[in-house]
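Novice: Here's a sequence, model it:
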Amino acid sequence: TGTVTGASGLSGTVSGSYTGPVSGNLSGTVTGTATLTGGNVTGVVFTGTFGTITLTPSSSGGLPSNTPIPTTSGLPTLTPTNTNTPTPTYTPTPSNTPTATFTPTSSPTRTPTPSNTPTRTPTPSYTLTPTNTPTPTASYSEVAAGADHTCAVTTTGGVRCWGSGPYGELGNGSTNNFSSPRNVVGLSSGVSTVSTGVESTCALTTAGAVKCWGRNTYGQLGNGTTTDSTTPVDVTGLSSGVTRISVGMYHACAVVSGIAKCWGWNAMGTLGNGTTTNSSTPVDVVGLPGGFPVISISAGQRSTCSVNQPGVVRCWGDNIWGELGNGTTTSSLTPVAVSGTSGTSAGVYITGRAGHACALASPGSVKCWGRNSSGQLGIGTTTNSTTAVNATGLTTGMTSITTGYEHTCAVDVTVGSVKCWGNDGTLSSPSFTGTVNSTTPVTISGVSSGVSRVAVGDSHNCAVMSTGAIKCWGLGTSGQLGAGSFTSSVAPVTVVP
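Specialist: Numbers count the residues shown, from 1 in each chain. A predicted model of the protein is given here:
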């Protein structure tokens with residue numbers, strides 16, 4: 001149904017096509033797909049609610065040929081850019097010769113009324129002025145960076161993920177990659193923290209329960225199966241009492257009432273239960289001292305570390321690079337003490353990724369050990385270390401430390417800046433080009449103040465700002481920077497809503 005007033009306007013509810021010159025106002029409601037073909041398209045102002053409209057002028061007019069009009073409610077308004085538009089000169093056409101044909105979709109039948117065909121000299125140019133209201137930017141409290149994907153917790157307790165998703169690690173019910181945040185199914189609220197691995201993700205709820213999603217080849221989702229899941233599943237036996245979680249390459253761990261439990265891949269003894277057998281449900285880590293509750297845990301690539309009160313660090317699993325920190329390169333199926341970390345009272349957070357590990361020591365200093373091929377230990381050399389060593393220049397004020405594949409980052413709470421060291425592919429420092437590594441910490445341009453947390457993936461980093469926004473930088477080809485594109489960026493970019 002609809003009304004055509006000659007060839008100068010179209011109003012009402014429209015479905016179908018209209019052929020003829022278009023000028024004046026187009027208003028009302030368009031359902032389905034409407035096509036306007038022929039004549040000049042001049043002076044058209046769109047108002048109302050529209051489906052899909054295509055304008056195809058047959059000669060030069062106010063819009064270029066084949067101009068698609070967005071399918072939104074409240075379309076842009078065409079505003080003349082020249083304010084001194086001459087008064088149009090009109091040439092009458094015979095009153096009994098209609099210049100447009102309109103076929104209504106329902107009764108009553110409306111007959112087009114002929115009107116004059118306007119001639120505008122000169123035709124003014126137009127600019128599109130959007131009228132849509134921008135989507136409010138989400139506010140975040142935490143961020144976690146996996147191998148090629150990123151997840152964050154909003155200030156309202158929801159979880160959103162973006163980046164690589166072939167195994168469902170984004171938790172939104174699909175296996176697609178996304179370059180902007182997507183809500184995790186069933187976790188719109190009630191989440192306190194999130195942890196990301198290579199191709200899986202886990203969340204800790206405010207009720208102390210753990211839910212995981214993504215790849216499950218080795219049982220790393222902890223639900224008693226090896227079936228992948230694109231949405232969160234409950235981890236068996238972890239419905240309450242959990243205070244910490246960490247997801248590694250193909251295994252995950254949690255602290256439950258002061259006890260360390262792990263599940264998933266165990267070929268190198270990463271579960272710490274004295275065997276090399278995979279487990280699709282959580283098993284207790286053996287050999288940790290009784291009476292000293294675990295306060296932090298970190299699942300790495302092929303090893304795992306924990307911190308017991310009063311600050312003793314222990315690790316287990318593969319030790320080819322000295323990542324167990326006990327002065328040897330001998331692997332261990334059960335925990336061994338890391339040399340040089342005794343009395344680390346501030347070591348409430350331990351982090352380990354691909355062959356190296358770091359811990360916070362009192363009063364906010366950083367100690368690292370293991371692989372150092374790119375300077376990821378921050379000690380000014382590229383020599384591996386089988387015992388914990390102090391990172392250069394980080395003697396106080398450091399928080400939120402995290403390790404990536406070949407680099408490490410931390411937040412200097414005294415100024416709210418991010419400092420990174422190791423592989424420069426993600427450092428974003430103006431002093432380096434992306435091919436030169438830094439063996440000592442450097443401040444990252446673009447996140448040199450106002451940062452509360454930092455997260456490190458294999459080749460990208462993200463920081464939570466004091467404003468609640470997130471900025472990411474580094475490799476972005478899977479969309480892991482969350483900026484709405486699949487491109488990398490040396491400079492930090494803001495995650496889109």
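Novice: ok, so what distance separates residue 269 from residue 331?
Specialist: Residue 269 sits 6 Å away from residue 331, going by C-beta to C-beta, to the nearest Å. Yep, even glycine has a C-beta here, placed from its N, CA and C like the rest.
Novice: Could you tell me which residues touch both of those two?
Specialist: Shared contacts of residue 269 and residue 331 (C-beta atoms under 8 Å, 6 or more residues apart in numbering): 317-318.
Novice: out of those two, which sits in the more crowded spot?
Specialist: residue 269 (21 against 17; other C-beta atoms under 10 Å).
Novice: That one touches residue 276, doesn't it?
Specialist: Yes - with contacts counted by C-beta atoms under 8 Å, residue 269 reaches residue 276, the gap being 5.9 Å.
Novice: what is in contact with the two at once?
Specialist: Common contact partners of residue 269 and residue 276 (C-beta under 8 Å, 6+ apart): residue 333.
Novice: tell me, how many neighbours does the closest residue to residue 391 other than its chain neighbours end up with?
Specialist: Take residue 391 and drop its neighbours on the chain: the residue closest to it by C-beta to C-beta, 6 or more residues apart in numbering is residue 378, 3.5 Å away. Here the number of neighbours of residue 378 (other C-beta under 10 Å) works out to 29.
Novice: Please state the backbone phi and psi of residue 378?
Specialist: Residue 378 has phi and psi values of phi 70, psi 30 when expressed as degrees, to the nearest 10.
Novice: mind checking pLDDT for it?
Specialist: We have a pLDDT of 95 for residue 378.
Novice: Go ahead and confirm it touches residue 365.
Specialist: No - between residue 378 and residue 365 there is no contact under C-beta under 8 Å: 11.1 Å.
Novice: Name the helix or strand for residue 143, please.
Specialist: Using DSSP states H and E, residue 143 falls within strand 140-145.
Novice: need the next SSE after that strand, C-terminal direction.
Specialist: Next helix or strand after strand 140-145 toward the C-terminus (DSSP H and E): strand 149-154.
Novice: Packing partners of the strand holding residue 143?
Specialist: Counting contacts by 3 or more C-beta pairs under 8 Å, 6 or more residues apart in numbering; DSSP states H and E, strand 140-145 packs against strand 149-154, strand 191-196, strand 451-456, strand 460-465, strand 470-474.
Novice: Out of those strands, the one nearest residue 139 is which?
Specialist: strand 149-154 (6.3 Å; C-beta to C-beta).
Novice: in stretch 356-371, what's buried?
Specialist: 356-361, 364-371 (16 or more other C-beta atoms under 10 Å).
Novice: got the CA coordinates for it in PDB?
Specialist: The C-alpha atoms that make up stretch 356-371 are tabulated as PDB, following Å, rounded to 0.1, in the frame of the first residue of the first chain:
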ATOM      1  CA  HIS A 356      59.200 -19.000  31.600                       C
ATOM      2  CA  ALA A 357      57.400 -17.800  34.700                       C
ATOM      3  CA  CYS A 358      57.300 -14.700  36.900                       C
ATOM      4  CA  ALA A 359      56.100 -13.900  40.400                       C
ATOM      5  CA  LEU A 360      55.400 -10.700  42.300                       C
ATOM      6  CA  ALA A 361      57.600 -10.400  45.300                       C
ATOM      7  CA  SER A 362      57.500  -8.000  48.300                       C
ATOM      8  CA  PRO A 363      57.100  -5.000  48.000                       C
ATOM      9  CA  GLY A 364      55.900  -5.200  44.400                       C
ATOM     10  CA  SER A 365      59.100  -6.300  42.700                       C
ATOM     11  CA  VAL A 366      59.300  -8.900  40.000                       C
ATOM     12  CA  LYS A 367      61.200 -12.200  39.900                       C
ATOM     13  CA  CYS A 368      61.300 -14.400  36.700                       C
ATOM     14  CA  TRP A 369      62.900 -17.700  35.700                       C
ATOM     15  CA  GLY A 370      63.100 -20.200  32.800                       C
ATOM     16  CA  ARG A 371      63.400 -19.500  29.000                       C
END
